[in-house]
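>>> Take a look and give me a structure for this.
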Amino acid sequence: MRVAHISDVHLGWNAGPDNLSRFMDISKNLDWTAKKLIEEKVDCVLFCGDAFKDAKIMVDRAEKEISVVVKFLRELSTAGIEVIVISGTPSHDSIASYKFLQEINIPRTLIFTNPSVMTFPPTTNELSVACLPGLNRSALMTQDEYKGLPPEQVHRIMTDKITQMCMGMSAQMPDDKPKILMAHMTYQGADTGFQDLLMQHEPILNREAVAGFDLVCLGHIHRPQLIDGKVFYSGPVERLSFNEEKIYPGFWIHETGVNEVTGLNPYGIYSRFIETPARRYKSLNFDEGSIQGLNQHGIHYFGSCIADDVKDAIVRLRYTCSEELAKQLNRKALEKALYDAGAFYVSEIKADIQQADRARDVSVNESLSPLQALEKWCINQGIGESDTKELVSMAGGLMEG
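Numbering: from 1, shown residues only. Have a look, this model is predicted:
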């Protein structure tokens, strides 16, 4: 069987030039994914949580986001593909949204918000699947159990409970079928890509918990990877922040029952990753020499040099230079040059100014008005004349109410 594994769609992510642009990016990518899954002739899809970005939202926004998920599921259903969907992190996925998806009753689609075990698909029962949706502390422990305990002890108790739950589910599953665990949580050996401070506040899936399974399909960490030979994260289908600038969004296809032919791994499962056409994020970092070149050759020359890097990308630019050079740089012209070069959205232009030691401006005293003081401060910080005028104008408007 061909089993697709996706997660972390996060509909509702709108960090772009307007409130709909990034939502449309995700929606288009989900459409592309559905067509690719049909083209690949997958038998079933495991959707491992976080379909949405925010659990608590207004009804009109919820309706729009749920409709995109329904469209995706119906495309797969119409093509004869079986789907299992589990809810993800409680702060992202509202249980009410998933209950609504259940009530729509899309053919060939099963929705789970609680731990469950089943043989799947219903027509052939070729696989045995354990579902472990995203769980928080309140779902695992009563108030009395963790009241007054230090975080590391609460973390250990939650992890032990998850381990016992997984071992119990594995014991219920027949041994003559591949055993698959789909879950939405952090695996102990995963590369999270950052210092995971939540490790002390959320349950962890450890090696003991997954020992009884042949394949583990996970959501939650936005970094596609394979750990310990059988534990997979698919990551998101669309990049969602600069933390994901260097990842390759996409999904896995796991094919069962190929070990006799290929000898690829001891689990009888061959896996391959398919990259989606996600929008790029691009960070530009300029040093003092680059800023000197900009000032010497002009902003438009710079735009032509970086066109291939920024085309259709979400861009941020950070530069380091002296105060004197910063004063000569026209930030608005720089932003325009990025857009002229094809940037989809310029999220940030940020300076790290190497400030020279300066004497205190004795003219700054209590006799100055707030706007005069602001103008003095801008001059003192090396902010350009046009930006200073705009800041003072904006401040004046705020003061006038």
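>>> need the next SSE after the helix or strand bottoming out on mean pLDDT in the chain, C-terminal direction.
Least confident helix or strand of the chain, by mean pLDDT, DSSP states H and E, is helix 259-262 with a mean of 49. Sequence-wise, the next helix or strand downstream of helix 259-262 (DSSP states H and E) is strand 269-275.
>>> can you list the residues that contact that next one?
Contact with strand 269-275 is made by 36, 40, 178, 214-215, 224, 226, 230, 232, 248-256, 258-259, 262, 264, as judged by C-beta atoms under 8 Å, 6 or more residues apart in numbering. From N, CA and C alone the C-beta is placed, and that goes for glycine too.
>>> ok, 7 Å please
Residues outside strand 269-275 that contact it (C-beta atoms under 7 Å, 6 or more residues apart in numbering) are 36, 178, 214-215, 224, 232, 248-256, 258, 262, 264.
>>> what is the mean pLDDT for stretch 151-168?
Averaging pLDDT along stretch 151-168 gives 87.
>>> hmm, back to that, can you flag which of the contacts of strand 269-275 belong to strands?
215, 232, 250-256 (DSSP state E).
>>> mind checking the end-to-end distance for stretch 336-344?
12 Å (C-alpha to C-alpha, to the nearest Å).
>>> in that stretch, what's buried?
Under the neighbour-count criterion of 16 or more other C-beta atoms under 10 Å, stretch 336-344 has 337-338, 341-344 buried.
>>> Out of those residues, name the ones that lie in helices.
337-338 (DSSP state H).
>>> Select from the ones in strands among the contacts of strand 269-275 the one having the most neighbours.
Highest neighbour count within these: residue 251, with 27 neighbours (other C-beta atoms under 10 Å).
>>> Specify the next element, helix or strand, located C-terminal of the helix or strand harbouring residue 217.
Residue 217 is part of strand 215-219 when elements are defined by DSSP H and E. Scanning forward in sequence from strand 215-219 by DSSP H and E, the next helix or strand is strand 225-227.
>>> What strands line up against that following strand, and which way round?
Sheet partners assigned to strand 225-227 using DSSP bridges are listed as strand 231-233 (antiparallel).
>>> centroid residue for the chain?
In the chain, the centroid-proximal residue (C-alpha atoms, centre = their mean) is residue 240; its distance is 4.7 Å.
>>> Against residue 388, how distant is it?
Per C-beta to C-beta, to the nearest Å, residue 240 is found 35 Å from residue 388.
>>> angle of the strand holding residue 217 against strand 269-275?
30 degrees (axes from the mean of the first three to the mean of the last three C-alpha atoms, to 10 degrees).
>>> Now find how far off-centre strand 215-219 is within its chain.
A distance of 17 Å separates the centroid of the chain from that of strand 215-219, by C-alpha atoms, centre = their mean, to the nearest Å.
>>> which other helices and strands contact that strand?
Contacts defined by 3 or more C-beta pairs under 7 Å, 6 or more residues apart in numbering; DSSP states H and E place strand 215-219 against strand 179-184, strand 231-233.
>>> which other residues reach that strand?
By C-beta under 7 Å, 6+ apart, strand 215-219 touches 5, 7-8, 46, 48-50, 88, 178, 180-184, 187, 210, 230-234, 254, 267, 269.
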